Every structure is written in C-alpha cells, then in structure tokens.
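# One predicted model, sequence on top.
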Amino acid sequence: MTLTIDTVADKGALDELVQMRLLAYDVPATNRRGKALRTVQSSSTDDLLQALGMAAPLRDWCLSRRFARKDGSTPVRVLLEWLCDEEGVTWYVLQRHSSGRPVDVAVREDEVFDPLCHAYAHPLVRKTVPMASVFGMMPACPAYLRWCPTGVTELLGFEDHYTCGKLIVTLPCCVVELATDEVLGLIQVAVDAPALPAVPAENGVHHGGARLPGMRGFGVGGSD
C-alpha cells in the first residue's frame, strides 16, 4: 500500500530543487507513451520528507497518525515500508543501507495474537538481514518523487525550463490494527537511526532538503 500526493510543477522548479539539495535523478526512463520521466529515489519516508524541507516536528506528526472508527477501534496509519511473506508474517522495513543489499527490519517469530492479553505471543525483533532473504521485497523503497510532462505543454510549445508537468510524491503506508504502540515505537527507532551515506547518483541520492518552489494544488490518493 502506498500514499500518493500530486501537484503541478514545472521542470525547472524540480531541477532547481535537485541541484540545490545535491540530489540526483535515477537512470532516465520513459512511460508507456514515451514521455520523459524524472525520478528521485529515497531510501525511506523520513529521508524523502527531509528532502522536501519538512521540519522534524512535522515529520514526526506525519509519519504516524492514530484514528478512531465508529466501532470503537483505534488503528494507526504509519508511513513505513512493510510486506507479508508466504507464511503470513509481517516484515517492517526500517532502513535500507547504502550498499542496497542489507536492510534493517522488525519481524515477529509468528503472528499469533492473544485477544485476552491484547498482545502478540512474540514481540517484534529488530535485525539486519540480506534483502534477498525477505520474500517479495522490492529492489528500491517505494518512497520517491516522480515528474512527468503534461500533454498541454507539447501543444503550447513551452521552453524546456518551463515545461509543465505533474509531480507525484509516493510514500509507503500501512494500517496497523493490533499492538499499535509496539509498531509506533519502530517509527521512532527508524527516525532516530544515524543518517546513512548517500547512495551513488545512479541509484538516487537523498539529503536534507528545502521547500520545493513552484508547487501548487496538492491532491492525495492511495493504492494497494
């Protein structure tokens, strides 16, 4: 599941942000219609929000939110990469290392939940494992900026710097129904972890950031 936020931004505004924050685009790609895409890949949600100039208190506020349902339950939405393996065990990805191979994860021995104690039989354990050992893990974290030109730009013949397009911010997201406090603790661990060296330019670079100029008209969506 991912959370997406989209806005209108011209190509020059994004280029200025990337240059100002010493970021780097991923290997150039095109979509199915042949339009040029520009992607800035990040290793985590927190790193990407920093690149967008979000202050630490606001990042903490955004990374996790508890909400109430009409049935009285209080699940938590966390902006954290996660996946479920073949045995039904949930893996929370806390950090991807700069080499791209090992990852810091939190996982339980099994998903047995005791409704009387309102707790899992086994706690979450943090460990560092090879990426290949985690079933279904994507090669890169689903936290990135992606820009694509709009069709109206071609019709109006704008200069390259002022090419209008859609900028989409994509963040990993999951909704936790049980033992929410334990998962919320993972968010703090991930945010407090020492900053990792920037990954090579060909894989995308992530640093602290500044406010993106030329952005307006935010829209929010989600996908599974």
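Right, received. Where do you want to start?
# tell me the SS of the residue lying farthest from the centre of the chain?
Going by Cα atoms, centre = their mean, the residue of the chain most distant from its centre is residue 116, 34.6 Å out. Classification of residue 116 by DSSP: H, G, I helix; E, B strand; the rest coil places it in coil.
# check contacts around it.
By Cβ atoms under 8 Å, 6 or more residues apart in numbering, the contact list for residue 116 is empty. In short, each C-beta sits where N, CA and C put it, glycine included.
# let's number from 129 now, not from 1
Taking 129 as the first residue, the last one we looked at is residue 244.
# Tell me how far it lies from residue 250.
From residue 244 across to residue 250, the span is 16 Å (Cβ to Cβ, to the nearest Å).
# can you check residue 235 too?
Taking Cβ to Cβ, one finds residue 235 at 9 Å from residue 250.
# neighbour count winner among the two?
Ranked by neighbour count (other Cβ atoms under 10 Å), residue 235 and residue 250 place residue 235 first, with 20 against 12.
# so where's the protein uncertain?
Within the chain, the stretches with pLDDT under 70 are 155-163, 227-228, 279-287, 317-352.
# Would you agree residue 134 is in contact with residue 295?
Yes. Using Cβ atoms under 8 Å, residue 134 is in contact with residue 295, at 6.8 Å.
# who's more crowded, those two?
Taking residue 134 and residue 295 together and counting by other Cβ under 10 Å, residue 295 has the greater number of neighbours (23 against 16).
# Tell me if that one really is in a strand.
Yes. Counting by three-state DSSP, residue 295 is found in a strand.
# For it, list each beta-bridge partner.
Applying DSSP bridges to residue 295 gives these bridge partners: residue 135, residue 275.
# For it, which residues are in contact?
Going by Cβ under 8 Å, 6+ apart, residue 295 touches 134, 135, 136, 137, 142, 273, 274, 275, 340, 343.
# before we move on, what about residue 306?
241, 246, 248.
# With adjacent residues omitted, what lies nearest to residue 133?
Setting aside the residues directly before and after it, residue 133 is nearest to residue 297 in space (Cβ to Cβ, 6 or more residues apart in numbering), at 4.4 Å.
# Hmm, residue 130 and the one you found touching each other?
No. Residue 297 lies out of contact with residue 130 (Cβ under 8 Å); the separation is 10.1 Å.
# what about these two, which has more around it?
With neighbours defined as other Cβ under 10 Å, residue 297 and residue 130 compare such that residue 297 has more, 23 against 16.
# And that one, how close does it get to residue 170?
Using Cβ to Cβ, residue 297 is found at 10 Å from residue 170.
# Specify the beta-bridge partners of residue 258.
Counting by DSSP bridges, residue 258 is bridged to residue 230.
# list the contacts for it?
229, 230, 231.
# now swap in residue 194 and tell me
202, 203, 204, 205, 308.
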